[in-house]
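In: Need a 3D model of the following:
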Amino acid sequence: MIGNQLEHRLNTQETSGYWIWVNEEPEDPDWDAFLAKTPGGHYTQSSLWAKMKALSGWKATRLVVAREDGIIAGAQLLTRPLPLFGKIGYIPKGPLVASDDIHLSKLVINALHRLAKAHGVEYLAVQPPSKGQITHLLPGLGFHANPRMGTVTSTILIDLTCDPNTLLAQMRESTRTNIRRAQSRGITIREGTESDLGAFYHLVAVASQRKGYSTYSKKFLAEFWQILGSHGHTKLFFAEYAGEAVSTLLAIHFGDTLFTHVSAWDGRHRELKPNELLEWETMMWAKAHGYRYYDFEGIDPQVAKVILQGQPLADSHFPVADRMVTRYKLGFGGRVTLLPEVYEYIYSPLLRSVYFQLLPKIEHWPVIAKTWKAVTRAVQPNV
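Out: Numbering: from 1, shown residues only. Here you go, the predicted structure:
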């Protein structure tokens with residue numbers, strides 16, 4: 001019913017030449033194919049990822065804009081009720097528009113407002129795609145940047161069109177040395193299958209306990225593999241020594257990019273450097289299978305900004321909790337890239353006033369802090 005109502009309201013002169021519809025089907029192969037071939041398209045906008053988010057209470061609705069030659073724009077809106085905020089909406093890596101048509105981009109954003117209101121959304125969070133002009137349009141359309149959301153806003157991209165020797169030359173010398181050390185001292189890399197999910201879970205659990213963070217459940221991992229793996233979008237790799245797995249990497253490959261989604265090391269055989277060889281062999285797999293980019297899916301944003309400003313890095317630039325991870329990723333070279341922040345829009349004028357004027361004064365209250373934590377956790381890409 002919501003889709004029909006929205007289509008009726010969008011049947012105006014400004015949409016002449018376009019077909020606009022709403023799709024709430026669990027899977028949408030045409031939409032996913034559009035994402036995969038369009039610059040800026042990302043797996044978090046796919047209908048398959050929506051099925052993953054449904055496990056944590058999100059409902060997906062896709063707004064699709066097409067011409068005779070196919071889909072040209074749209075967005076997948078995720079909605080979910082949360083305490084105090086009412087129902088929130090989230091659009092990760094969207095809206096996506098295949099051209100730099102400002103008129104079309106504004107049309108999509110206006111249609112999304114109507115869709116969000118039709119679903120009773122009070123608070124809308126949008127993290128634009130890495131390509132296109134949506135990021136530049138949002139501030140002029142009433143959206144406000146919110147850097148506190150905790151989503152990934154910086155990463156390292158490695159261009160896999162380079163030959164292997166060039167890729168090695170771009171790395172830090174110590175990283176190249178560690179790769180060769182692992183190769184010469186008995187570390188082997190193998191591709192995993194669904195039967196290896198138990199071994200993967202064990203390594204992730206050990207690593208999370210060692211580092212003090214929460215991890216996935218076995219049920220979640222099984223669902224992850226069933227939804228994404230069955231459609232050919234995941235790869236699992238292990239580094240082994242003497243027949244035992246010591247580190248692992250779960251990758252998502254979508255469009256022209258392989259993303260290092262989850263990696264874990266149990267802490268053993270540090271001197272053999274299993275992780276660097278695991279990363280290298282995963283890159284080589286992605287290159288051999290025609291992927292253009294290898295995305296580390298996140299480094300510390302302050303470190304990224306220092307690098308892009310051309311300033312020398314110091315220990316003080318690295319947050320203690322992320323120091324080793326970011327240093328490790330930087331060792332592989334590649335291009336440090338800043339990604340758009342989350343932009344937010346609040347529909348109720350009263351709630352908007354309270355949010356921007358009162359929230360900064362009471363955000364440390366336990367009930368407010370708990371609610372805000374729920375909001376920020378809800379928009380994380382890995383859950």
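In: can you tell me which helix in the chain is longest?
Out: helix 102-118 (DSSP state H).
In: next one: it to chain centre, how far?
Out: The chain centre lies 22 Å from the centre of helix 102-118; the measure is C-alpha atoms, centre = their mean, to the nearest Å.
In: same deal with stretch 330-347?
Out: With C-alpha atoms, centre = their mean, you get 10 Å for stretch 330-347.
In: on that earlier part again, give me the packing partners of the longest helix of the chain, helices and strands only.
Out: Counting contacts by 3 or more C-beta pairs under 8 Å, 6 or more residues apart in numbering; DSSP states H and E, helix 102-118 packs against helix 2-9, strand 59-67, strand 70-82, strand 96-97, strand 121-127, helix 134-137. Just so you know, the C-beta spots here come from the backbone N, C-alpha and C atoms, and that holds for glycine as well.
In: Give the buried residues for it.
Out: For helix 102-118, a neighbour-count test (16 or more other C-beta atoms under 10 Å) marks 104-109, 111-116, 118 as buried.
In: That helix versus strand 121-127: what angle between them?
Out: Between helix 102-118 and strand 121-127, the angle comes out at 140 degrees (axes from the mean of the first three to the mean of the last three C-alpha atoms, to 10 degrees).
In: can you redo the helices and strands packed on helix 102-118 as TSV with mean neighbour count, mean pLDDT and distance to Thr44?
Out: Listed next are those as TSV, based on neighbours: other C-beta atoms under 10 Å; pLDDT from 0 to 100; distance: least, C-beta to C-beta, whole Å:
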stretch	mean neighbour count	mean pLDDT	distance to Thr44
helix 2-9	14	46	22
strand 59-67	20	95	11
strand 70-82	21	94	9
strand 96-97	28	97	11
strand 121-127	23	94	9
helix 134-137	19	95	15
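In: who wins for proximity to Val246 among the ones you listed?
Out: strand 121-127 (34.6 Å; C-beta to C-beta).
In: Wasn't Leu258 part of a strand?
Out: Yes - under DSSP: H, G, I helix; E, B strand; the rest coil, Leu258 falls within a strand.
In: Quick check: it touching Ala286?
Out: Yes - taking C-beta atoms under 8 Å as the definition, Leu258 is a contact partner of Ala286 at 4.0 Å.
In: joint contacts of these two?
Out: 251, 294 (C-beta atoms under 8 Å, 6 or more residues apart in numbering).
In: Compute the inter-axis angle for whichever helix or strand Ala36 is part of and strand 70-82.
Out: Here Ala36 sits within helix 29-37, counting by DSSP states H and E. With the same axes, to 10 degrees as the basis, helix 29-37 and strand 70-82 are set at 100 degrees to each other.
In: Following the chain onward from helix 29-37, which element is next?
Out: Using DSSP H and E, the helix or strand that follows helix 29-37 in sequence is helix 47-54.
In: Return the alpha-carbon coordinates of that next one using CSV.
Out: Extracted C-alpha coordinates of helix 47-54, given in CSV (Å, rounded to 0.1, in the frame of the first residue of the first chain):
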residue,chain,number,x,y,z
SER,A,47,19.0,-6.5,-1.1
LEU,A,48,21.2,-9.3,0.2
TRP,A,49,22.7,-7.0,2.8
ALA,A,50,19.1,-6.0,3.7
LYS,A,51,18.4,-9.6,4.5
MET,A,52,21.4,-9.5,6.9
LYS,A,53,20.1,-6.4,8.6
ALA,A,54,16.7,-7.9,8.9
